[in-house]
Every structure is written in structure tokens, then in C-alpha cells.
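*Asks:* 3D model of this:
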Amino acid sequence: MLLYQQLYQAISADIAARAANIKLLICDVDGVFSDGRIYLGNDGEELKAFHTRDGYGIKALRQANIEVAVITGRTSALVEQRMRALTVPYIFQGQENKTAAFNQLLQQLQLRADQVAYIGDDLADWEVMQYCGLAIAVQDAHPYLQHYAHLKTSLPGGFGAVREICDLLLIAQGKFMQFAGSST
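*Replies:* Model prediction:
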């Protein structure tokens, strides 16, 4: 895990072992893939900024046979469009109860909770994170989440935090630098 330390931050042997066991990464969207701000135009148009490095990481995970899902409380055509472009097959929007989507994913993919990593930024994410094998808070997450998560990213949401976790999983599983593609 020296490479991850050189790129981002030092982690414990426990975190490295947890990362090596992950088969599914679940991400929140607002505050994780984006910086959490929502831009609204005069005509009601909603805009969000997504980092291309996060996109590269997601596509690398998918190529490495690590599943990816998003579970978000909001509903946005923009999120659907971005996740489809990244080939994310499991998109749950408008989820007031994120645990229901989490349980559906476990059943559908025949996974145990300890094989799942979840990255979030606020208290609504904790309802799922508390059950996961690797619970991750972005660097600028709510303090409660930062305190109870297994790991806090060195990068804030919307600025490469998702890529940081993709790299962690790929390094821990010996699959880093195996992706051939673009960030989209």
C-alpha cells in the first residue's frame, strides 16, 4: 500500500485489508461526485460539475470487475446521464431510505455487507455506511461522518475523492494501472 500512501495518504493495515475485500463501491452523488453545490438557471435548469478523474476511476473499477452503484436522495436527469456515460449499472435516485436500495443491491449481487465500500458526505449516508465493510467520508464531509467512517479521503467531494477511493481499491487488489480507456 506504499503506492497509495505516496499518492494520497498513509492508511492502516486494517483499511488495506478491508479494501482488498471490496466487490462493490456505492457512492452518494451530491458532495461526493460533485462539490455539493447545485447551480440553478433562471429557467430551472440544474447544473453540477463532475471531475473527469473520478470518471476514469469508475471506469477502471468496472473494467477490474468491481461493481459500482450510486444511491442518492435527489433525482436528476443530469446524474442519470453522467452515470450512464461511466457505465454505472446501478443507479438509485430519489432514495429517502438508502438502506432499502443497499439491501436490494446485496441481494441482487449476492454480496455480504463486508464486501461493500460506501463513500458519502452527510448524515443520510450513515444509515448505509454503518453496515459496510469499508465506510468512507470525503475530506469535507459532515464531522459526524468523518469521526465514524473507517477512512476519510485526502481530497474533498467533487475534486477527486471518488478517484482516490477507486485507486485505493485497485491498489489493494493488485489491479492498479490495468485500465485502458478514457475518463469520459
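*Asks:* CA only for contacts and neighbour counts going forward, please
*Replies:* Will do.
*Asks:* which one is V32 nearest to, not counting chain neighbours?
*Replies:* Distances taken as Cα to Cα, 6 or more residues apart in numbering place G157 nearest to V32, at 4.2 Å, with adjacent residues excluded.
*Asks:* tally of neighbours for H51?
*Replies:* 19 (other Cα atoms under 10 Å).
*Asks:* Do you know the pLDDT at it?
*Replies:* You'll see H51 listed with a pLDDT of 93.
*Asks:* Backbone dihedrals for the spatially most central residue of the chain, please?
*Replies:* For the chain, C27 is the residue whose C-alpha lies nearest the centre (Cα atoms, centre = their mean; 3.3 Å). Reported as degrees, to the nearest 10, the phi and psi values for C27 are phi -120, psi 140.
*Asks:* Please verify my assumption that it contacts D122.
*Replies:* No. Judged on Cα atoms under 8 Å, C27 makes no contact with D122 at a distance of 11.9 Å.
*Asks:* what is L134 paired to in the beta sheet?
*Replies:* A117 (DSSP bridges).
*Asks:* residues contacting it?
*Replies:* 15, 18-19, 22, 114, 116-118, 149-151 (Cα atoms under 8 Å, 6 or more residues apart in numbering).
*Asks:* mind checking how far it is from N97?
*Replies:* Plainly put, L134 is 20 Å away from N97 if you go by Cα to Cα, to the nearest Å.
*Asks:* Under the pLDDT cut-off, which ranges of the protein? List them.
*Replies:* 183-184 (pLDDT under 70).
*Asks:* That one: helices as residue ranges?
*Replies:* For the chain, applying DSSP state H gives helices covering 2-7, 13-20, 52-63, 77-85, 98-109, 123-129, 143-148, 161-172.
*Asks:* Quick check: S182 vs D140, distance?
*Replies:* 27 Å.
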